[in-house]
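Undergrad: let me see the structure of the following:
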Amino acid sequence: MKQRKPYSIMIIRIFIIGFFLVFWEWAAQAKIYNSLFTSFPSDILKDLVKFYTSGDLVRHTSVTLQEAFMGLFYGTIAGIIAGLLLAQLESLGKILLPIITAIHGIPQLTLAPVYVLWFGLGMISKIFLAGLMVFFHVFFATYSGIQNVEPKLIESANLLGAGKIQTLIYVVLPSSMPWILSGIRIGVGSSLVGAIIGEYIGASAGFGWMIAYATSFFNIARVMSCILILLVVGSILNFILDKTENYLLRWRAPINLSINHDNAYKNT
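TA: Sure, this is the predicted structure:
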């Protein structure tokens, strides 16, 4: 069975999104449901234009993205280093892993006011919350990835004369990279969530603050505008991550459960 061409997949995707938007607009205009609770596409588009021309869009976007990106960066670095150390140092892992797991079990939303109390209402508390949420995903992914490295690969590297650092760089990290990238992918969304939660608790700018402010005045169009922008930002970040993953894992053979009988007959 031949795979669909990329442009045909894109056309189907655009058709599904377009159909949903048209149906949404029609249902709102036909009064099939109360648009007060969800607004509708044309009203959201008008609000986006107003949001941009007022200058608020750039200001709030820059604040939230700065908090999310810094949280993603610091959380990823800390998660990889911690996962690497605890996976390699078995005794340290036995001591700290249950503690980290227990802390991870605490909903970060309940601790957000504590972080604001510790670090204030500025950007640091939002970066800390976003970074902490990213850290747990990347840490557990890195730790599991290193624990699941094929022992024969390490044995082969040792037989070829590779030292510990060389084995780590050329065998362990590449083998666990799919796990690490999976953790970072989840961390991308978590960084945005962490930044917005922090802005809900206390802030003067950012999408979290704007959503809370607009909700208090029943400005649902502005709320949906912020959600749409976050959706676009998340899609762009995942696209970048897809390209990065394809480059870093270019050595990995594609896996397909379907059997191409034509190629099978040719090979036989």
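Undergrad: confidence score at Trp251?
TA: With respect to pLDDT, Trp251 scores 67.
Undergrad: scratch that, Met210 is what I was asking about
TA: At Met210, pLDDT is 88.
Undergrad: quick one: residues contacting it.
TA: Asp56, His60, Arg222, Cys226 (C-beta atoms under 8 Å, 6 or more residues apart in numbering). Using the backbone N, CA and C atoms, a C-beta is placed for each residue, glycine as well.
Undergrad: which element is it on?
TA: If you go by DSSP states H and E, Met210 is part of helix 207-216.
Undergrad: so what's the gap between that helix and the chain middle?
TA: 22 Å (C-alpha atoms, centre = their mean, to the nearest Å).
Undergrad: angle of the helix or strand that it is followed by against helix 207-216?
TA: Per DSSP H and E, helix 207-216 leads on to helix 220-248 as the next helix or strand towards the C-terminus. Calculated by axes from the mean of the first three to the mean of the last three C-alpha atoms, to 10 degrees, helix 220-248 forms an angle of 150 degrees with helix 207-216.
Undergrad: average pLDDT for helix 220-248?
TA: Taken as a whole, helix 220-248 has an average pLDDT of 86.
Undergrad: now do that helix: which elements does it pack against?
TA: Secondary-structure packing of helix 220-248 (3 or more C-beta pairs under 8 Å, 6 or more residues apart in numbering; DSSP states H and E): helix 41-53, helix 56-88, helix 173-201, helix 207-216.
Undergrad: contact partners of the next helix or strand after the second one?
TA: If I follow you right, that is helix 56-88. Following helix 56-88 in sequence order, the next helix or strand is helix 90-104 (DSSP H and E). Contacts to helix 90-104, defined as C-beta under 8 Å, 6+ apart, come from residues Ala82, Leu85, Leu86, Ala87, Phe136, Phe139, Phe140, Tyr143.
Undergrad: report the buried members of those.
TA: Neighbour counting by 16 or more other C-beta atoms under 10 Å classes Ala82, Leu86, Ala87, Phe136, Phe139, Phe140, Tyr143 among those as buried.
Undergrad: need the contact list for the closest residue to the first one other than its chain neighbours.
TA: This points to Ala82. Nearest non-adjacent residue to Ala82, counting by C-beta to C-beta, 6 or more residues apart in numbering: Phe139, 5.1 Å away. Each residue near Phe139 by C-beta under 8 Å, 6+ apart is listed here: Ala78, Gly79, Ile80, Ala82, Gly83, Ile100, Gly183.
Undergrad: and those residues, which is closest to Trp209?
TA: Ala78 (26.6 Å; C-beta to C-beta).
Undergrad: can I assume that closest one is in contact with Phe136?
TA: No: taking contacts as C-beta atoms under 8 Å, Ala78 lies outside contact range of Phe136: 10.1 Å.
Undergrad: and for the closest residue to Leu181 other than its chain neighbours, the neighbour number?
TA: Leaving aside its sequence neighbours, Leu181 sits nearest to Glu245 (C-beta to C-beta, 6+ apart; 5.0 Å). Neighbour count of Glu245, defined by other C-beta atoms under 10 Å: 18.
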